[in-house]
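Undergrad: what follows is a predicted structure for the sequence shown.
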Amino acid sequence: MRSTFKVLFYLKRDKAKKDGSVPLFCRVTVDGKEVRFGMKCTVNPKYWDVKTGVATGRTAEAAKINTLVENTKVAIHKVYRELQERDNYVTAEKVKNVFLGLEQKRQTLLELFDKHNEDRKLQVGVSLHNYTYRIYCTTRSHIADFIKLKYNLNDIPLKEVNRNFIEDFETYLFTEYNFSKNYIVSILKKFRHIIEVALNKEWIYRNPFKEHKLQWQKTDRGFLTQEEIETLMNKQFEEPHLEQTRDVFIFCTFTGLSHTDVKHLKTENIRSSFDGKQWIIGKRKKTDTNYNIPLLNIPQAILKKYDQKTSDGLLLPVSGLTCYNARLKLIGKQCGINKKMSSHLARHTFATFALDKGVSIESVSKMLGHTNIATTQIYARITDKKIGSEMNVFAGNVKKMDAKLQSVMIEDVKIEDVLQSLKIRTTDKFWITQTDKFWQRMTNVEHQSFASKIEGLENKPKTIRDFYVLLMDSFLENLNGQSENSNIQSVDENVSAIDAEIDKLAVNF
């Protein structure tokens with residue numbers, strides 16, 4: 001639709017001077033909106049034609065006024081045409097400002113970028129992640145290089161950023177740096193944000209990104225298999241910092257926590273939930289979204305390993321993201337894992353592994369603390385009770401991995417230490433021998449479980465014989481649990497062997 005434009009000169013009669021003359025004003029109207037400004041001269045109302053907007057008479061004063069009016073009208077029309085050609089969006093206010101020399105200094109792209117990044121730097125660690133701030137700085141740097149290469153300039157006006165500029169810049173990123181599609185999209189999204197800032201400040205009136213679609217390319221982020229996880233867990237590292245990084249990565253693999261969330265994990269994040277078990281409860285640093293994650297045996301063992309070995313109330317020794325990812329690459333190389341090792345791989349592995357072991361996608365999403373609108377409607381129907389139930393299935397499926405972890409993460413529980421804590425005398429060699437037989441048949445995880453169970457009893461065993469009876473009950477209970485997923489014949493053989501041992505002992509009771 002064509003815009004309307006009109007220039008009118010009139011007398012402002014309510015501001016009459018003592019000599020009867022009245023100030024002359026100019027009114028500019030564009031699309032129904034008007035602005036006014038004084039012409040810095042006065043006219044005798046008797047010699048002013050309201051219809052034609054000019055002074056009447058043949059006096060020198062009338063000629064002077066009419067020349068001023070005509071020159072002003074011509075200049076304003078010229079400003080209007082130039083603004084149409086330059087901005088394709090004209091307002092009465094802009095016409096007035098340009099004519100009077102009040103137009104703001106033409107804003108440039110890199111100046112706005114610098115001011116924006118300076119403000120954003122103050123938000124790092126408060127409401128902005130350092131990685132996001134670095135992407136803004138990187139984007140500014142690439143745009144500066146592009147402007148220098150293509151235009152041989154140090155900066156360009158914001159109003160010169162058009163669709164062609166954006167498309168040429170995108171091509172430049174592809175050809176000069178061979179960046180991935182998704183990395184280029186992340187850069188262009190930061191660029192688009194700067195343009196939106198300029199739009200909000202009314203420094204430009206057209207969005208050059210309006211017809212330039214930015215779409216992420218779907219990629220397979222990958223995940224670790226159970227065998228690869230076990231390889232990581234069993235690897236002995238000579239360098240302590242690699243061992244710590246491996247432990248943190250495994251912790252995230254069984255909790256789904258991101259690097260920044262595990263880095264800030266504190267004692268208050270570990271709480272007893274509705275089921276009486278330990279859960280990790282907190283808010284994601286990135287999205288401020290709640291997450292509730294049952295704490296399985298493997299991450300529990302890792303927390304115990306680093307208990308009182310960290311500072312500032314943090315639970316795990318987590319390095320900065322850049323250093324962490326660099327160490328993960330070394331770890332992957334030493335373990336023979338030909339996959340891109342990164343902090344996010346642990347989180348993605350958790351989701352894939354949990355889904356594979358029977359946990360629903362709704363529960364996994366809630367534990368990951370996602371904020372996607374499409375999945376939020378699903379999360380609303382998921383309760384912690386359901387997550388707890390399904391994570392019990394997950395815990396059962398990784399029980400064998402718990403046992404394999406003992407040589408890496410958990411110090412061996414010795415029967416002598418347990419007996420000493422109970423103040424049970426070990427002078428009866430017969431019962432000590434029999435007790436030790438069954439102790440050797442149990443895994444270290446089962447030792448841990450039995451020792452914890454004994455500590456929780458009100459009536460603790462006082463003799464080695466009482467201890468033996470409780471140990472037998474625990475051993476048989478574990479054996480029955482194994483029968484659900486193990487070879488039945490093998491379990492029956494174990495039971496028969498135990499029965500034989502009991503028959504031998506019957507004489508001594």
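TA: Perfect, I can see it now.
Undergrad: give the other helices and strands that the helix or strand where Ile302 lies contacts.
TA: Secondary structure from DSSP states H and E places Ile302 in helix 297-305. For helix 297-305, the packing partners by 3 or more CB pairs under 8 Å, 6 or more residues apart in numbering; DSSP states H and E come out as helix 240-253, helix 399-405. Bear in mind the C-beta positions are built from the backbone N, C-alpha and C, glycine included.
Undergrad: which of the ones you listed has the lowest mean pLDDT?
TA: Mean pLDDT is lowest for helix 399-405 out of the helices and strands packed on helix 297-305, coming in at a mean of 62.
Undergrad: could you tell me the average pLDDT over the helix or strand that that one is followed by, please?
TA: Going down the chain from helix 399-405, the next helix or strand is helix 415-421, by DSSP H and E. The average pLDDT for helix 415-421 rounds to 85.
Undergrad: stretch 327-342 too?
TA: Mean pLDDT, stretch 327-342: 91.
Undergrad: extract the CA atoms of it and return them as PDB.
TA: Provided in PDB are the C-alpha atoms of stretch 327-342 (Å, rounded to 0.1, in the frame of the first residue of the first chain):
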ATOM      1  CA  ARG A 327      40.600 -35.600  28.800                       C
ATOM      2  CA  LEU A 328      37.700 -37.600  27.500                       C
ATOM      3  CA  LYS A 329      39.300 -37.800  24.100                       C
ATOM      4  CA  LEU A 330      42.400 -39.200  25.700                       C
ATOM      5  CA  ILE A 331      40.400 -41.700  27.700                       C
ATOM      6  CA  GLY A 332      38.500 -42.900  24.600                       C
ATOM      7  CA  LYS A 333      41.800 -43.300  22.800                       C
ATOM      8  CA  GLN A 334      43.400 -45.300  25.600                       C
ATOM      9  CA  CYS A 335      40.300 -47.500  25.900                       C
ATOM     10  CA  GLY A 336      40.100 -48.200  22.200                       C
ATOM     11  CA  ILE A 337      36.600 -46.500  21.800                       C
ATOM     12  CA  ASN A 338      36.300 -45.000  18.400                       C
ATOM     13  CA  LYS A 339      33.600 -42.600  19.200                       C
ATOM     14  CA  LYS A 340      33.500 -38.800  19.700                       C
ATOM     15  CA  MET A 341      33.900 -38.700  23.500                       C
ATOM     16  CA  SER A 342      32.300 -35.600  25.000                       C
END
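Undergrad: how deep is the closest residue to Cys252 other than its chain neighbours tucked in, by neighbour count?
TA: Excluding the flanking residues, the one nearest Cys252 by CB to CB, 6 or more residues apart in numbering is Ala346, at 3.7 Å. Using other CB atoms under 10 Å, Ala346 has 27 neighbouring residues.
Undergrad: same question, Lys96
TA: By other CB under 10 Å, the residues close to Lys96 number 21.
Undergrad: could you say what helices and strands the helix or strand that contains it packs with?
TA: The secondary structure element spanning Lys96 is helix 92-100 (assigned by DSSP H and E). Packing contacts for helix 92-100, counted by 3+ CB pairs under 8 Å, 6+ apart, involve strand 22-30, strand 33-43, helix 60-87.
Undergrad: report the buried residues of the shortest one.
TA: Read that as strand 22-30. For strand 22-30, a neighbour-count test (16 or more other CB atoms under 10 Å) marks Val22, Pro23, Leu24, Cys26, Arg27, Val28, Thr29, Val30 as buried.
Undergrad: before we move on, what about stretch 126-142?
TA: Of the residues in stretch 126-142, Tyr133, Ile135, Tyr136, Thr139, Arg140, His142 count as buried by neighbour count, 16+ other CB under 10 Å.
Undergrad: now do the contacts for the closest residue in space to Lys15 that isn't next to it in sequence.
TA: Using CB to CB, 6+ apart and skipping residues adjacent in sequence, the residue nearest Lys15 is Pro23, 5.1 Å away. Residues in contact with Pro23 (CB atoms under 8 Å, 6 or more residues apart in numbering) are Leu11, Lys12, Lys15, Lys17, Gly38, Met39, Cys41, Thr42.
Undergrad: with Phe37 as the reference, measure out to the second one.
TA: Counting by CB to CB, to the nearest Å, the separation of Lys12 from Phe37 is 11 Å.
Undergrad: need the residues touching each of those two.
TA: Counting by CB under 8 Å, 6+ apart, the shared contacts of Lys12 and Phe37 are Phe25.
Undergrad: hmm, back to that, tell me which residues in the helix holding Ile302 are buried?
TA: Asn297, Ile298, Pro299, Gln300, Ala301, Ile302, Leu303, Lys305.
Undergrad: neighbouring contacts of stretch 146-163?
TA: 86-87, 106-112, 144, 168-169, 172, 195, 198, 203-204, 208, 211-212.
Undergrad: over to stretch 260-277?
TA: Stretch 260-277 is contacted from outside by 129, 248, 251-252, 255, 257, 278-282, 284-286, 291-292, 294-295, 303, 313-316, 318, 321, 384-385, 388, using CB under 8 Å, 6+ apart.
Undergrad: and those residues, which of them are buried?
TA: Buried residues within these, counting neighbours by 16+ other CB under 10 Å: 248, 251-252, 255, 257, 278-282, 284-285, 291-292, 294-295, 303, 315-316, 318, 321, 384, 388.
Undergrad: can you pull the poorly scored residue ranges out of the stretch 101-250 of the chain?
TA: 103-106, 216-221 (pLDDT under 70).
Undergrad: gap between Leu330 and Ile135?
TA: Noted for Leu330: a distance of 25 Å to Ile135, by CB to CB.
Undergrad: the residue in the chain sticking out farthest from the centre and Tyr47, how far apart?
TA: Largest separation from the mean C-alpha position in the chain: Arg58, at 77.2 Å (CA atoms, centre = their mean). Arg58 is 10 Å from Tyr47, where distance means CB to CB.
Undergrad: just Lys304 next, same as before
TA: When distance is defined by CB to CB, Lys304 is 99 Å away from Tyr47.
Undergrad: OK, contacts around Val359?
TA: By CB under 8 Å, 6+ apart, the neighbours of Val359 are Glu390, Met391, Val393, Phe394.
Undergrad: need phi/psi at the last one.
TA: Its backbone dihedrals place Phe394 at phi -60, psi -40, with angles given as degrees, to the nearest 10.
Undergrad: okay but it is in contact with Leu355, surely?
TA: No: using CB atoms under 8 Å, Phe394 is not in contact with Leu355; the gap is 9.8 Å.
Undergrad: how is the protein carved up into domains?
TA: Structurally, the chain divides into domains by automatic domain parsing as follows: 5-100, 109-200, 226-405, 415-506.
Undergrad: winner for burial among those domains?
TA: Of all these, domain 226-405 has the most neighbours on average by mean count of other CB atoms under 10 Å, namely a mean of 17.
Undergrad: so how far is that one from its chain's centroid?
TA: 16 Å (CA atoms, centre = their mean, to the nearest Å).
Undergrad: restricted to strands, list the contacts of stretch 260-277.
TA: Judged by DSSP state E, these include Gln278, Trp279, Ile280, Ile281, Gly282, Tyr291, Asn292, Pro294 as members of strands.
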